[in-house]
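**Student:** Sequence and predicted model, in that order:
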Amino acid sequence: MAVERFPIEAGHIMMFARSIGDENPIYHNENYAKKTELGSIIAPPTFVQCSAQYDPDWHLRPKPGEAWLGSGKGPSGISGGAESEGGLHAEQHFEYHRNLLAGDVLKAETMPGKCWEKQGRRGGKLTFTEQITEYRDQKEELVVTVRSVTVKTERPAEKAATGE
């Protein structure tokens, strides 16, 4: 993922906090937030995941005239026999170097991390792949580092379950 401009807006923070059921007033009440040590509305810990909406090439964004993962036309969401890559989201780690403040404008860059393998019980070899995304603010200072890990099985899950 490469995002050139991800504005951290108070209204988006409030909607995100509501969507995850977090009623902490620091996420939506400006008067309350001003009285805190930070003095500003801040974003919840997983808010940076919203940056995908600012990535023009995000694979889950519908593109006119193209099948997409969320189309619901088949088990994978893609019609026409397209197979998914078989990867599963395994881990997500957020390291905050400081809080995200309403008014920040971030830039995100993703780079490859480590890759390793383990032997699974039913699916054969498991391949783990890590990606590191760094979020920098308008001063180019590192604000958040996100480490994501996906896992792929050697054999598709449905074949592993039947022993094929």
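**Tutor:** Happy to help now that I have it.

**Student:** For the rest of this, base every contact and every neighbour count on C-alpha atoms.
**Tutor:** Noted.

**Student:** how many other residues sit next to His59?
**Tutor:** 12 (other CA atoms under 10 Å).

**Student:** Doesn't it lie inside a strand?
**Tutor:** No. Applying DSSP: H, G, I helix; E, B strand; the rest coil, one finds His59 to be coil, outside a strand.

**Student:** For the longest strand along the chain, the averaged confidence score.
**Tutor:** Scanning the chain for the strand with the most residues, using DSSP state E, yields strand 105-119. Mean per-residue pLDDT for strand 105-119: 94.

**Student:** Centre of the chain to it, how far?
**Tutor:** Mean-position distance between strand 105-119 and its chain equals 12 Å (CA atoms, centre = their mean, to the nearest Å).

**Student:** SS state for the residue sitting nearest the centre point of the chain?
**Tutor:** Closest residue to the average C-alpha location of the chain: Gln49 at 3.8 Å, with CA atoms, centre = their mean. Classification of Gln49 using three-state DSSP returns helix.

**Student:** tell me the pLDDT at it?
**Tutor:** With respect to pLDDT, Gln49 has a value of 91.

**Student:** picking up where we left off before, just checking, next helix/strand downstream of the longest strand of the chain?
**Tutor:** For strand 105-119, the succeeding helix or strand toward the C-terminus, using DSSP states H and E, is strand 125-136.

**Student:** ok, and for that following strand, which residues are buried?
**Tutor:** Using 16 or more other CA atoms under 10 Å as the test for burial, strand 125-136 gives Leu126, Thr127, Phe128, Thr129, Glu130, Gln131, Ile132, Thr133, Glu134, Tyr135, Arg136.

**Student:** Export those to TSV and append columns for pLDDT and distance to Pro62.
**Tutor:** Shown next, in TSV, are these (pLDDT from 0 to 100; distance: CA to CA, whole Å):
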residue	pLDDT	distance to Pro62
Leu126	91	30
Thr127	92	28
Phe128	94	27
Thr129	95	25
Glu130	96	25
Gln131	95	23
Ile132	97	25
Thr133	95	23
Glu134	97	25
Tyr135	96	25
Arg136	97	27
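
**Student:** what's the farthest-apart pair in these?
**Tutor:** Leu126 and Arg136 (32.6 Å; CA to CA).

**Student:** Please, where are all the strands along this structure?
**Tutor:** For the chain, the strands defined by DSSP E occupy 2-7, 87-96, 105-119, 125-136, 142-153.

**Student:** contacts for the fourth one?
**Tutor:** Same thing as strand 125-136. 1, 106-120, 142-154 (CA atoms under 8 Å, 6 or more residues apart in numbering).
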